[in-house]
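Participant: just need the structure, nothing else, for what follows:
(4 chains)
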There are 2 protein chains.
Amino acid sequence: MTALTSSPSRSDLLGDHLRDGRDEVTPGGRRASPLTRADIVDAALTHFADRGFHGTSLKDVAHSLHIRPPSLYHHIESKASLLAEIVLTTLDHVADDFETAVADTEDPIDKIRRAVAAYARRHATHPRETRVVNQESRHLEPGDYAVARLARQDHEHRFRSIISHGVATGAFDVDCPRLASFAIREMCVSIARWFRPDGELTPSDVADLYSRQAVALLRVPR
Amino acid sequence: MTALTSSPSRSDLLGDHLRDGRDEVTPGGRRASPLTRADIVDAALTHFADRGFHGTSLKDVAHSLHIRPPSLYHHIESKASLLAEIVLTTLDHVADDFETAVADTEDPIDKIRRAVAAYARRHATHPRETRVVNQESRHLEPGDYAVARLARQDHEHRFRSIISHGVATGAFDVDCPRLASFAIREMCVSIARWFRPDGELTPSDVADLYSRQAVALLRVPR
DNA sequence: CACCGAAGCTAACTATTATGAGTTAGTATC
DNA sequence: GATACTAACTCATAATAGTTAGCTTCGGTG
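Facilitator: Numbers count the residues shown, from 1 in each chain, chains lettered A, B, ... in the order given. The predicted structure is shown next:
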């Protein structure tokens, strides 16, 4: 429950999302470099992360981009599609991160260290995306929600099986792998709530620290 | 990022909130035992926890109580007041928990163990309340938001100072008390996402397990 | 130079929201 | 037994949401 203290002031990061020169709209409605769908997703992402999906209106998104709400529809299909794109591509990245991280080792300690490092790093480098995945996925339309749910379950199972395997080999010692897995993953998730790119810690620092904390957690003395 | 897998189906717990005999409305609109403000807060709580503040309409709340939306206003001032009541009273309880927990000891290890146990237990016994505090506080009106922010900051500082003190006396060994504090508190917060009253673990089990995990975390080997 | 598509705009539509006003039906009290 | 109270109701309103339609204007291309 650190959301209140760790979050910056409530309207932080809610500004313009246009790169330099972008916001010079000519009388006819043209701008220097064209607005892309990616720009809109990015603006929506910032708002969704800060105010939630239902707390964000397309007016808000359009305002950030210096256009009117209807103009958004030249680039997107719907508000829901913005959320879907954000959540599903982020979950893809998380899955890729995991595969890449654990590919080169069989040792449970190494595996968990790398998996945690990758997961922690993802949350440090992409706090907006991960916050939206964690808090707004429930507002996806049923089909997309089901896909997201499966992706998440898959990650959870792969993660937990490393722990279970480590317990079997004696590398770890925990009462309940499921719980330990939850605790570790949620620790990583929380990074997205406090991490600041301009802070004293780099994403690598955080990844390193959290992977060590995770290993410590998996050898809880009784 | 376990919200997707750990949460039950999206509309769980969204049913009637009336106790037995409550839902027998007489032709004139009367019911067996009178509907109270607390009943409404409770129904709103369930919805806010499940669908978010902006994802919940007063129609939803009224529906759970078998009344029409305008009738709610005989008991409440506004939708915002429901959120404020939920968040602020929960934060009060968290503060009380903490004070009571750490009152009888000076040992940092004991203190952190008890503080974590109390915090963990609160999240296990009141998952709806704590989820709302963590995810919906940002939607409070400015005045209430400021109060909530202060309450949260206070808890964070008290928590962290136990750790810092423990590091000073040599009881703990962590690189960064602030980070360790975040990690531990967020671990507890996550309990609200997976804990089920009918599961195999009791709140006491969880409190015990998490306080041991916390102590383990504060002695990370380098 | 004529034209075409991209991308802006305004106006408008529909649905839903929170909330207000006024009404009615039981229940308790004098 | 009249009255006042409570707590529901229906009906109404103003604001806002997401979205669609149609118009305009520009830069690029034949």
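Participant: secondary structure element for the residue nearest the centre of chain A, which one?
Facilitator: Centroid check for chain A by CA atoms, centre = their mean gives residue A:130 as the closest residue, at 1.5 Å. Assigned by DSSP states H and E, residue A:130 falls within helix A:127-136.
Participant: check which helices and strands the helix or strand where residue A:208 lies is in contact with.
Facilitator: Using DSSP H and E, residue A:208 maps to helix A:203-217. Applying 3 or more CB pairs under 8 Å, 6 or more residues apart in numbering or on different chains; DSSP states H and E, we find helix A:203-217 packed against helix A:108-125, helix A:177-194, helix B:177-194, helix B:203-217. Yep, even glycine has a C-beta here, placed from its N, CA and C like the rest.
Participant: hmm, back to that, so the residue nearest to the centre of chain A makes contact with residue A:122?
Facilitator: Yes. Residue A:130 lies in contact with residue A:122 (CB atoms under 8 Å); the separation is 6.5 Å.
Participant: what's the spacing between the helix holding residue A:208 and its chain's center?
Facilitator: 18 Å (CA atoms, centre = their mean, to the nearest Å).
Participant: same question, stretch A:102-117
Facilitator: 21 Å.
Participant: what sits up against it?
Facilitator: A:98, A:101, A:158-159, A:162-163, A:165-166, A:169, A:171-172, A:184, A:188, A:207-208, A:210-212, A:214-215, A:218 (CB atoms under 8 Å, 6 or more residues apart in numbering or on different chains).
Participant: now check the longest helix that chain A contains, is it near DNA strand D?
Facilitator: Longest helix of chain A, by residue count under DSSP state H: helix A:142-169. No. Helix A:142-169 lies apart from DNA strand D when judged by CB under 7 Å from any atom of the strand; the minimum separation is 13.4 Å.
Participant: for that helix, packing partners?
Facilitator: Using 3+ CB pairs under 8 Å, 6+ apart: helix A:142-169 touches helix A:79-102, helix A:108-125, helix A:177-194, helix B:3-6.
Participant: next, the buried residues of whichever helix or strand comes after the last one.
Facilitator: In this case it means helix B:3-6. Downstream of helix B:3-6, the next assigned helix or strand under DSSP H and E is helix B:37-51. Neighbour-count burial for helix B:37-51 flags B:39-51 (criterion: 16 or more other CB atoms under 10 Å in any protein chain shown).
Participant: any low-confidence regions in chain A?
Facilitator: Counting by pLDDT under 70, the ranges of chain A that qualify are A:1-33, A:220-222.
Participant: could you redo the last one with a cut-off of 80?
Facilitator: A:1-34, A:220-222 (pLDDT under 80).
Participant: could you check how far residue A:72 is from chain B?
Facilitator: Going from residue A:72 to chain B by CB to the nearest CB, to the nearest Å gives 20 Å.
Participant: was I right about that residue contacting residue A:62?
Facilitator: Yes. Using CB under 8 Å, residue A:72 makes contact with residue A:62 at a distance of 5.7 Å.
Participant: neighbour count winner among the two?
Facilitator: Each of residue A:72 and residue A:62 has its neighbours counted (other CB atoms under 10 Å in any protein chain shown); residue A:72 has more, 22 against 17.
Participant: what sits against the more buried one?
Facilitator: A:40, A:58, A:61, A:62, A:65.
Participant: which among those are in contact with DNA strand C?
Facilitator: Answer for the contacts of residue A:72 near DNA strand C (CB under 7 Å from any atom of the strand): residue A:62.
Participant: hmm, which two among the contacts of residue A:72 are most spread apart?
Facilitator: For the contacts of residue A:72, the farthest-apart pair by CB to CB is A:58 and A:65; their separation is 10.5 Å.
Participant: neighbour-wise, which of those two wins?
Facilitator: The neighbour count for residue A:58 versus residue A:65, taken as other CB under 10 Å, is higher for residue A:65 (22 against 19).
Participant: so the more buried one versus chain B, what's the distance?
Facilitator: 22 Å.
Participant: excluding residues flanking it in the chain, which one is nearest that residue?
Facilitator: residue A:43 (5.4 Å; CB to CB, 6 or more residues apart in numbering or on different chains).
Participant: was I right about that neighbour contacting residue A:66?
Facilitator: No. Counting by CB under 8 Å, residue A:43 does not reach residue A:66; the two are 10.2 Å apart.
Participant: right, and residue A:175 touches residue B:208 too?
Facilitator: No. Using CB under 8 Å, residue A:175 is not in contact with residue B:208, being 9.9 Å away.
Participant: wait, doesn't residue A:176 sit right on residue B:206?
Facilitator: No. Shown here, residue A:176 and residue B:206 do not form a contact pair, counting by CB under 8 Å, at 10.1 Å.
Participant: which of these two has more neighbours?
Facilitator: Set side by side, residue A:176 and residue B:206 show more neighbours around residue B:206, with 22 against 15, by other CB under 10 Å.
Participant: now that one. Nearest residue, chain neighbours left out?
Facilitator: Per CB to CB, 6+ apart, closest to residue B:206 is residue B:124, 4.8 Å.
Participant: wait, the one you found sits on residue B:207?
Facilitator: Yes. Counting by CB under 8 Å, residue B:207 is a contact partner of residue B:124 at 7.1 Å.
Participant: of all the helices and strands packed on helix A:142-169, which one comes closest to residue A:149?
Facilitator: Nearest of these (CB to CB): helix B:3-6, 4.9 Å.
Participant: tell me, how many residues neighbour the residue lying closest to residue A:176 once chain neighbours are set aside?
Facilitator: Spatially, and ignoring its direct neighbours in sequence, residue A:176 is nearest to residue B:209 (7.4 Å; CB to CB, 6+ apart). Neighbour count for residue B:209, taken as other CB under 10 Å: 21.
Participant: hang on, isn't residue B:209 packed against residue A:180?
Facilitator: No. Under the criterion of CB under 8 Å, residue B:209 makes no contact with residue A:180, lying 9.1 Å away.
Participant: distance of residue A:54 relative to chain B?
Facilitator: Residue A:54 is 4 Å from chain B, by CB to the nearest CB.
Participant: next, that residue: secondary structure please.
Facilitator: coil (DSSP: H, G, I helix; E, B strand; the rest coil).
Participant: that one and residue A:139, how far apart?
Facilitator: 7 Å (CB to CB, to the nearest Å).
Participant: name the residues contacting each of those two.
Facilitator: B:52, B:55.
Participant: okay, the two: which has more neighbours?
Facilitator: residue A:139 (21 against 17).
Participant: if anything else comes up later, I'll come back, but that's it for now.
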